[in-house]
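Undergrad: pasting the sequence and the predicted coordinates here, then a few questions.
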Amino acid sequence: MSVDGASGDREPSETEERARVTETLTAAAKGLSPDDVPQALCRACVELLPVTGASVSIASGRTVRATWCASDSTAARLAEAQYTLGDGPCQSAIERAAAVLADDLTKAPDSGRWPVFAHEAVELGVRAVFSLPLGLGGATIGTLDLYRHTPGALSSRDLRIALWARDAVTFALVNLHAGYDADERAVGEGVASWMEASESDHSEVYQAVGMVMVQLRLGAEQALDRMRARAFAQGRTVTEVAHDILVRTLRLGSETEGGAEDAGRRDAGDD
């Protein structure tokens, strides 16, 4: 990884390193519309670090709520897998409000921390995952998730850079229009518009959860758990299961209805 601002073989100072992080992320976002900035920031994080890809997930309380951005399709699939399973390094980072570093998902202890997620990640060719919580006023509002195809820990220097990038991404998330030449709007308005955009992929999940709650008389968490179980059993994502529920090609049966098949793929008119 090349280091701008260093002369010869001299290691850059922390001030120089931090300036490089800021400059790289600022340059990545410059001139882009708010809708395009998240993915640009994710790709800039990959440029700054010895990783293969990156994503940012937004949290609600102790639960992942949406994927804000992903640098590539594998990063997006890793984020979706954790959302579907309700488990993984991202979820652990949110619950602990601390960095979770998995150096090798094929070996203990990392392979046993989230065995199902680890298996799915390895199937995608991922060997290491690093999840850093996005913090704001003592609250965790999401995670910056980094992955690479080769095992191994981040060096102390790389981890320092990753944490600076995390801080910058947090700032971007809550100050969406800072630094733009476009007409200024209230920060709250910007946050609302980007949150709405980032949640669009999972909006069907929330609607489907409501339908399952009514149909099976379950709480929201139980309904989502039921959908996750169905998704896992079928090797699909929870988003795909939610879509089928909404278009009435799938209806989850209650546990007392018996049978491996739900009362499930019923006529569209069956509520």
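TA: Sure thing, it's come through.

Undergrad: report the secondary structure state of Pro133.
TA: For Pro133, the secondary structure call by DSSP: H, G, I helix; E, B strand; the rest coil comes out as strand.

Undergrad: low-confidence regions, the chain specifically.
TA: Along the chain, the model assigns pLDDT under 70 to residues 1-9, 64, 136-138, 174-203, 206, 254-271.

Undergrad: secondary structure element holding the residue nearest in space to the middle of the chain?
TA: The chain has Ser57 as the residue nearest its centroid, 3.0 Å off, counting by Cα atoms, centre = their mean. Here Ser57, judged by DSSP states H and E, is contained in strand 53-60.

Undergrad: buried set for that strand?
TA: 53-59 (16 or more other Cβ atoms under 10 Å). Every residue, glycine included, has its C-beta placed from N, CA and C.

Undergrad: what does stretch 15-31 give?
TA: Per 16+ other Cβ under 10 Å, stretch 15-31 contains these buried residues: 17-18, 20-21, 24-25, 28-29.

Undergrad: what about Ala66, distance to Pro115?
TA: Distance, Ala66 to Pro115, using Cβ to Cβ, to the nearest Å: 25 Å.

Undergrad: neighbour count for these two, which is higher?
TA: Comparing Ala66 with Pro115 by other Cβ atoms under 10 Å, the one with more neighbours is Ala66, at 23 against 11.

Undergrad: show me what the strand or helix carrying the more buried one is packed against.
TA: Following DSSP H and E, one finds Ala66 within strand 63-70. In terms of contacts (3 or more Cβ pairs under 8 Å, 6 or more residues apart in numbering; DSSP states H and E), strand 63-70 is packed against helix 37-48, strand 53-60, helix 73-85, helix 89-96, helix 187-199.

Undergrad: need the CA coordinates for that strand. PDB is fine.
TA: Extracted in PDB, the C-alpha atoms of strand 63-70 (Å, rounded to 0.1, in the frame of the first residue of the first chain):
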ATOM      1  CA  THR A  63     -30.200  -4.800  15.500                       C
ATOM      2  CA  VAL A  64     -29.000  -4.300  11.900                       C
ATOM      3  CA  ARG A  65     -31.600  -2.300  10.000                       C
ATOM      4  CA  ALA A  66     -30.300  -1.600   6.600                       C
ATOM      5  CA  THR A  67     -27.200  -1.700   4.300                       C
ATOM      6  CA  TRP A  68     -26.100   1.900   3.600                       C
ATOM      7  CA  CYS A  69     -23.400   1.000   1.100                       C
ATOM      8  CA  ALA A  70     -21.300  -1.800  -0.300                       C
END
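
Undergrad: residues of that strand that come out buried?
TA: Residues 64-70 are the ones in strand 63-70 that count as buried (16+ other Cβ under 10 Å).

Undergrad: quick one: strands adjacent to it?
TA: Counting by DSSP bridges, the strands paired with strand 63-70 are strand 53-60 (antiparallel).

Undergrad: what are the contacting residues of the strand it pairs with?
TA: Outside strand 53-60, the residues that touch it by Cβ atoms under 8 Å, 6 or more residues apart in numbering are 38, 41-43, 45-46, 64-72, 74-76, 78-79, 82-83, 90, 94, 134, 140-148, 169, 173, 195, 198-199.

Undergrad: follow-up on the earlier one: and the angle from the strand holding Ser57 to helix 89-96?
TA: Per axes from the mean of the first three to the mean of the last three Cα atoms, to 10 degrees, the angle that strand 53-60 makes with helix 89-96 is 40 degrees.

Undergrad: going forward, begin numbering at 348 instead of 1
TA: From this message on, residue numbering opens at 348, which makes the last subject strand 400-407.
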